[in-house]
Every structure is written in structure tokens, then in C-alpha cells.
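# Have a look at this fold, sequence not included:
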């Protein structure tokens, strides 16, 4: 029966209405996977000799910080790992054991890239340990125990896949613990590292994560098997609706109506909430650039300013009109002016950019010059990038599942030459202008050049919107066709 399921999965991929898109995406993901495989492989081989060169015991040091490795793996899974599932409803009319269906569905997750990629770090590192004289049995038991912990993350992610805000909660806890350790207030590794050391130094401690993995798999299996009914776990979940009038937006006419719809969409759906959470993360992106110039040059400060002020603009704006993909066909049957529709999205991004810039005032800690870079970045985002993301959205025909918090960066995003070309001036142009100002004048002139580009873009808003509106109209039917594809 498992062989039959594999055959159906193979047919589903090649007979999909969006086969070309899926194939192109698989190839692109393949290149990305190859990059991470090489990265993990280099880490697995090099970390031993790097730590030796620093006069540190490799296995003790790795065990000390392994808690952060495991937690970061869980964070990445919660954020981007989609749970492989089957189209289960048609299977229920056939004489197929429910246990077989559940085992196959869970087995697909075991072969996920998020699980296999760790082998390219742990396996080379373990081999180097054995070559360098560490006890072979201890190394093998350690490898088994650590990999069991990573597979525990896999099943935790499956069980918690329908829970909201987990990424933000886990990220906040991890950030606080890392901050406390960095400033010497509390070191969690002093309490956790001995557990990882025990997995390596004893013959029994490895069994703890292995047994925990078996128990968790059994619990996950029982949970899904008990909910494998049309009137139980497979029913559509309906939340209690809450009325929100937002009548104060009526004064803005048609634009106000669209703004009300977008505000409700953001507040009520998992995917949009995840996007807002990501935009909040972008607020702290500037710490990488403003806290030091030893690694990043001063030219890259404007890069940080663009990201700090434009987090929502980038994460939300790139998927206009995909946020409305569920009812886009219905919208297009109505007498809705494209210009008002796009203007509502533009105003939403502008308001979010202004609010984000105000919140980012804590960067005044690094000085007025730093905060001025963020303000200039906001001006450029409002004047130029707001138009570019709307233009790029016309070519990014990605239907969005609002009920799922996964895939915050897109599910079947159609990477094409048009969107790539449009993305170049979003970050490349301000960096170029800032570099020219620094090279031939001073930082004030550099900031003036970037701000000037933003002001020119704002002045040409009407012309830009006329162009964007024409593009959306020309792509209208292709967009509708793309949103019909279920993959």
C-alpha cells in the first residue's frame, strides 16, 4: 500500500495544473538546498579544527552550544517548514487502514530536507572525531542522541502546526536567554551542557532522547489517527466572527473600504499575523549594521535603514494582490477601480512605514546620525520602494492560504526575470547613491541623494500609479488563472 501511495504522489506532481511552476520551484529549491548542504558540510569538517586551533575541546564546546543549535532548528521549522500531507478525504472511501495512511503521512516528514540536512554537519563532525582518536562507540551514541533530538523537533512542529504565535514566543525566549548569557547575567549552557556531555560520555544517556522520540511519534500517530474522520479532524474549522466596523475609515471613500478589509485580514488570519511578526523582526535588523563597522562598511548603513523602516512594506507589499487571492475572481467581477484598490495598499504600507520609523527611535542610542539613516531609508521606502513592490506584485502570482502561518516568504512564488529586475533598485539603488555620496562628498550628501530619490518618487506618484494600474490590468486574466491553480 505504501508503494501505491508513492505512485499517487508521483502522478499528482506530474499531473498538477501548475506542473511547470512546481518544477521550476523544485529546481530553484534544489540549488538552495545544495548551498546549505555545502555550508553544513563545511561546518561539520571545519568546526573541529577551528576549535582545536582556538585551544578548545571540540566536543565539549559543541555540546555547550548545542542547545542553541536545537532551538534554532525548531524556530526555522516553525517558520518555514510545511507539513507534507496527503489528500486524505478521497482515501477514506477505500478499504485502506487508517494506520497506514497516518504512517505514510508521518513518514514523508521523516525524509524532509529539514531533517536530512543535519546529517551533513553531524556525520562529518562525527567522522572527524573518530579519526582524531575519540572513542567510536561514544561518538556513535552521541550522533544517535543528537539526531533523535532533531527528529523530536520535527514531530513537535507537526503537533504545534495549528498553534499561533509560537515562533514569536520561542524567538523571544531564545533572544532573552542569549542576551542574558552575552551580558553575563545568566548562562543557560551551564545547566544544559552537562546533559549533552552525558550523551557523549556515558553508554545510557543517549537512550533518553531516543525513547522520547519513540513516545512522541506514537503520541503523534495516535493523535492523527483519532482525528482521521470527516466529522473530526478533517472538518473545516470555523472561528467565532467578531464584528469590527471601523467606521472612522468611511470618510476616505472607496480607499477606506479597502483599508478596512486589509486591517481585518491582518488581524484575523494566521498568515498575515506571521507577516506582521516578521516585519517586527526587521526592526532589529539594523543592529547588525549600526553596532559595528568592522565587518560591514559604512556604505551598508543605508541597507540597514531600508530594512528597519521597510519591514512591513517588504513582507506585505510583495504579495499584493496575492492577499486577496481567495476572492480575487469575485473582486474582478465588481466595478472596482484598480487605482483605489492599489492606493489602499499603498497607504497601508506608508502608514506602517511611518509607525515603524517612530518605533525605531530606540536607535538614537547609536546617535542622531544612525536614526537619520533610518529616516532617510523610510523616505526612500515611501517614495520608491512602495511603488516597486506594488509593481512586482503584478508578476508574483502566488495564491496565499490565509489560514496557514507557514510559508511566510511564499509557497509557490513564481520567480521570474521581471520580479528580479524590479527588485534590483529596491536595495541596489539606495546603496549606489549612498556610496557615490560618500566617495565624492560626505555622509550628509550621501543621505541627501537617497532622500532626494525618495522625494522624486513621491512627487511622481500619480504617474507611477498610472503605469502600475496598466500593468495590473494587462496581467488581470493571467493572475486569475494562476489563483485557480491548487498545485
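Thanks, I have the structure now. Just so you know, these numbers come straight off a predicted model, no measurement behind them. Residues are numbered from 1 along each chain as shown.
# Pull the residues that contact stretch 181-195.
Defining contact as C-beta atoms under 8 Å, 6 or more residues apart in numbering, one finds that stretch 181-195 is touched by 60, 63-67, 177, 180, 205. Backbone N, C-alpha and C define where each C-beta goes, glycine included.
# repeat that with 6 Å
63-64, 67, 177, 180 (C-beta atoms under 6 Å, 6 or more residues apart in numbering).
# pLDDT added to the residues you listed, as TSV?
Listed next are the contacts of stretch 181-195 as TSV, based on pLDDT from 0 to 100:
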residue	pLDDT
63	92
64	91
67	91
177	83
180	83
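# List only buried entries from those residues.
With burial judged by 16 or more other C-beta atoms under 10 Å, the buried subset of these is 63-64, 67, 177.
# I'd like those as a markdown table, with secondary structure appended.
Listed next are the buried ones among the contacts of stretch 181-195 as a markdown table, based on DSSP: H, G, I helix; E, B strand; the rest coil:
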| residue | secondary structure |
| --- | --- |
| 63 | helix |
| 64 | helix |
| 67 | helix |
| 177 | helix |
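# give me every residue that touches the spatially closest residue to residue 221 that is not a sequence neighbour.
Nearest in space to residue 221, with sequence neighbours left out and distances taken as C-beta to C-beta, 6 or more residues apart in numbering, is residue 102 at 5.6 Å. Contact partners of residue 102, counting by C-beta under 6 Å, 6+ apart, are 221, 224-225.
# for those residues, which one is nearest residue 271?
residue 224 (22.8 Å; C-beta to C-beta).
# Residues contacting stretch 450-460, please?
302, 376, 379-380, 383-384, 430, 433-434.
# what's the farthest-apart pair in these?
Maximum distance among these (C-beta to C-beta): 15.2 Å, for 383 and 434.
# who's more crowded, the two?
residue 434 (27 against 23; other C-beta atoms under 10 Å).
# quick one: the more buried one and residue 446 touch, right?
Yes - judged on C-beta atoms under 6 Å, residue 434 makes contact with residue 446 at a distance of 4.5 Å.
# how about the protein, which residue sits the furthest from its center?
residue 133 (40.6 Å; C-alpha atoms, centre = their mean).
# now that one: how far from residue 59?
12 Å (C-beta to C-beta, to the nearest Å).
# same deal with residue 256?
Residue 256 is 62 Å from residue 59, by C-beta to C-beta.
# Low-confidence bits of the stretch 101-250 of the chain, can you list those?
162-168, 229-250 (pLDDT under 70).
# And the residue nearest to residue 223 when sequence neighbours are not counted, how close does it get to residue 153?
Excluding the flanking residues, the one nearest residue 223 by C-beta to C-beta, 6+ apart is residue 159, at 7.0 Å. Residue 159 is 11 Å from residue 153, where distance means C-beta to C-beta.
# what about the two, which has more around it?
Neighbour count, other C-beta under 10 Å: between residue 159 and residue 153, residue 153 has more, with 23 against 13.
# quick one: which of the contacts of residue 102 has the most company?
residue 224 (21 neighbours).
# tell me which element it falls in.
helix 207-226 (DSSP states H and E).
# got the buried residues for that helix?
209-210, 213, 216-217, 220-221, 224-225.
# same thing with stretch 65-84?
66-71, 73-75, 77-79, 81-84.
# Sort out which one of those lies nearest residue 274 for me.
Closest to residue 274, out of all of those and judged by C-beta to C-beta, is residue 79, at 7.9 Å.
# which other residues reach the host helix or strand of the closest one?
Secondary structure from DSSP H and E places residue 79 in helix 58-80. Contacts with helix 58-80, where a contact means C-beta under 6 Å, 6+ apart, come from 48, 51, 114, 149-150, 153, 157, 166-167, 170-171, 174, 189, 192-193, 196-197, 200.
# mind listing which of those residues are in helices?
Under the assignment DSSP state H, the contacts of helix 58-80 contribute 48, 51, 114, 149-150, 153, 157, 166-167, 170-171, 174, 189, 192-193, 196-197, 200 to helices.
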